[in-house]
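**Student:** show me how the following folds:
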Amino acid sequence: MSSLSILFATSEMAPWVKTGGLGDVAAALPAALRKAGHDIRVLLPAYPALKQAFPTATTVAELPAFAPGLPISRLLAAQAGKLELLLLDCPELYDRPGNPYLDVTGHDWPDNARRFGLLSRVAARLGQPDSPLGWQPDIVHANDWQTALAPAYLHYQGGAASVVTVHNIAFQGCFGRDMLAALGLPEHAWRFDGVEYHDQLSFLKAGLQLASQISTVSPTYAREVQDEHFGYGLAPLLRHRSAELRGILNGVDTDLWNPATDPALVTGYAANRLAAKRANKAALQTEMGLEVTADRPLFGVISRLTSQKGLDLLLTVAEGLPELPAQLVVLGSGDKLMEAGFVELAKRFPGQIVVKIGFDEGLAHRIEAGADCFVMPSRFEPCGLNQMYSLRYGTPPIVRATGGLADTVVDVCEDTLADKSANGFVLDGDTPHALWLTIEHVCRTWQDKKLWQRIQQNGMRRDFSWTHAANEYVALYRDAIATRA
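**Tutor:** This is a model prediction of the structure:
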């Protein structure tokens, strides 16, 4: 089949700007699509970190003020390896410190509608025949609410086919009706089957309503968002558009997350060399101030410390871990009360429980390698990446059967051990008691070293590369083009 021209529009991209899984996807999926022979360019704001990373980026287009709320801007071209970036330079909107969405007090930037309205409008402009680049993509791929208005502009003004991917439906980009004119949308867009949503302008709802095709980041999440409990008010629309909705499981960067070659580890290992994993456990215990011992399992957590991630369940039962006996290492930040609870827990059990508030990329790799089991009991998880990192690193995860966790983790039982699919542990319920029963089950299973090794190897041998996902996205793009036609 012929190659496609693709514009991938995103509000973040690892390693320069990353607040969650979208940043990782924006780095990996375009790279996989380019490797497959497609002409892809990534559009994102020229945040300070990106202008600093690409000081020689060249101006390729001067853009007018598209609407009263959308100031003049320009496009800068930069090369990130073999991937072409288009940086939307508008200092008035993007030249700010820290988080791309929040100010230093943790509140939304008050002009986020303009900031991401401009990003969406430029994405659509590049997908139209009068593209200022002299290059028009076959498909505009928008991601989450920050670029989900692009399909609306393309719907009302004409242009390329579009796809919108939902990474987390809980964030919808809702603003007042006054933004309709400010963002240059036509008055007739203010309809239930347009951009209006409960008397607000919703970026995400507009994209879900008007994109040629829709995707989520896992097959199970595609089903869940059509249910009222997970759909955050948008389930009826997604059920209406179920024929155009597809779940495509994210991949992981298998070069970056490879226990055999990971430079953050004291020694590499693989599925057929699991004995070397023990050295990483001892090194992690030493680094974190835990008692250095091989005769008790070490549980690891790398997460936002929030109830969505189910970490309140762990906080409730964790004081019982030293008695099992077992150890715990936690890396993360989030809810201040939860942070304080974990810090207090570590003070009560020195040498057995350790907590580091914040994030450290190298330490994250060492926890994945050094822990025996990874704890990730999320209440909802659109895709999740850490459970896949854990499986690659021979660190069976504890999860709930939701979203991408359900699509990647297979519970240990007689049947799954027989067919060699068992690779982790799935909670039976959403309670501290259910988590504790599973932790006890893990500890008993861990004592059987041959059985534990089989579970580790099942996870390590599963393919989580981006190749399969990239092929699925290409099929989705072709469907979108056919739908648009």
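**Student:** quick one: contacts for residue 81?
**Tutor:** residue 31 (CB atoms under 8 Å, 6 or more residues apart in numbering). Any C-beta I mention is one placed from the backbone N, CA and C, and that applies to glycine too.
**Student:** let me fix that: residue 150
**Tutor:** Counting by CB under 8 Å, 6+ apart, residue 150 has contacts 9, 120-121, 123-124, 127, 140, 142, 162, 164, 207.
**Student:** now for the longest helix along the chain, which elements pack on it?
**Tutor:** For the chain, the longest helix by residue count, based on DSSP state H, is helix 467-484. Helices and strands touching helix 467-484, by 3 or more CB pairs under 8 Å, 6 or more residues apart in numbering; DSSP states H and E, are helix 21-35, strand 139-143, strand 161-166, strand 213-216.
**Student:** report the angle between it and strand 161-166.
**Tutor:** Relative orientation of helix 467-484 with respect to strand 161-166: 130 degrees, computed using axes from the mean of the first three to the mean of the last three CA atoms, to 10 degrees.
**Student:** I'd like the numbering to begin with 720 instead of 1 from here.
**Tutor:** Noted, 720 is the first residue going forward, which turns the last one into helix 1186-1203.
**Student:** buried ones in helix 1186-1203?
**Tutor:** Under the neighbour-count criterion of 16 or more other CB atoms under 10 Å, helix 1186-1203 has 1188-1189, 1192-1193, 1195-1200, 1203 buried.
**Student:** what's stretch 972-980 in contact with?
**Tutor:** Outside stretch 972-980, the residues that reach it (CB under 8 Å, 6+ apart) are 743, 746-747, 984, 987-989, 996, 1084, 1087-1088, 1107-1108, 1111-1113, 1179, 1183-1185.
**Student:** next one: stretch 1009-1018
**Tutor:** With CB under 8 Å, 6+ apart, stretch 1009-1018 has contacts from 997, 1000-1001, 1003-1005, 1040, 1043-1048, 1070-1071, 1073, 1089-1094, 1158, 1161-1162, 1165.
**Student:** again, 10 Å this time
**Tutor:** 997, 1000-1005, 1007, 1033, 1037, 1040-1041, 1043-1049, 1069-1073, 1086, 1089-1094, 1114, 1117, 1158, 1161-1162, 1164-1166, 1171 (CB atoms under 10 Å, 6 or more residues apart in numbering).
**Student:** out of those, list just those in strands.
**Tutor:** Applying DSSP state E to those, the entries found in strands are 1046-1049, 1072-1073, 1092-1094, 1117.
**Student:** contact partners for residue 794?
**Tutor:** Counted by CB under 10 Å, 6+ apart, residue 794 has contacts 762, 765, 776-782, 805-808, 841, 844-845, 851-852.
**Student:** show me what it is bridged to.
**Tutor:** residue 780, residue 807 (DSSP bridges).
**Student:** quick one: residue 1112 from residue 1121, how far?
**Tutor:** Separation of residue 1112 from residue 1121 (CB to CB, to the nearest Å): 22 Å.
**Student:** these two: which is more packed in?
**Tutor:** residue 1112 (27 against 24; other CB atoms under 10 Å).
**Student:** could you check the pLDDT of the more buried one?
**Tutor:** At residue 1112, the model reports a pLDDT of 98.
**Student:** just give the closest residue to it, not the sequence neighbours.
**Tutor:** Counting by CB to CB, 6 or more residues apart in numbering, residue 1087 is the residue found nearest to residue 1112 once chain neighbours are left out, at 4.3 Å.
**Student:** burial check on residue 938, number of neighbours?
**Tutor:** Using other CB under 10 Å: residue 938 sits among 16 other residues.
**Student:** my read is that it contacts residue 1188, right?
**Tutor:** No - using CB atoms under 10 Å, residue 938 is not in contact with residue 1188; the gap is 11.3 Å.
**Student:** give me the common contacts of those two.
**Tutor:** 967-968.
**Student:** ramachandran angles for residue 724?
**Tutor:** Per-residue torsions, residue 724: phi -100, psi 130 (degrees, to the nearest 10).
**Student:** show me what it bridges to in the sheet.
**Tutor:** With DSSP bridges as the rule, residue 724 is bridged to residue 758.
**Student:** which residues touch it?
**Tutor:** Here residue 724 is in contact with 757-760, 846, 854-858, 879, 1196 (CB under 10 Å, 6+ apart).
**Student:** with residue 725 instead?
**Tutor:** 748-749, 752-753, 757-761, 856-860, 879, 882, 1192-1193, 1196.
**Student:** in the ones in strands among the contacts of stretch 1009-1018, find the pair that's most separated.
**Tutor:** 1073 and 1117 (18.6 Å; CB to CB).
**Student:** more neighbours: which of those two?
**Tutor:** Under the criterion of other CB under 10 Å, the comparison of residue 1073 against residue 1117 puts residue 1117 first, with 26 against 21.
**Student:** gap between the more buried one and residue 1180?
**Tutor:** 20 Å.
**Student:** make a PyMOL selection of the buried ones in the ones in strands among the contacts of stretch 1009-1018.
**Tutor:** The following PyMOL line selects those of the ones in strands among the contacts of stretch 1009-1018 that are buried, judged by 16+ other CB under 10 Å:
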select buried, resi 1046+1047+1048+1049+1072+1073+1092+1093+1094+1117
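**Student:** now the end-to-end length of stretch 1175-1188.
**Tutor:** Across stretch 1175-1188, the terminal residues are separated by 24 Å (CA to CA, to the nearest Å).
**Student:** let me see the mean pLDDT of that stretch.
**Tutor:** 95.
**Student:** what do you get for stretch 1141-1161?
**Tutor:** On average, stretch 1141-1161 scores 96.
**Student:** sounds good, over and out.
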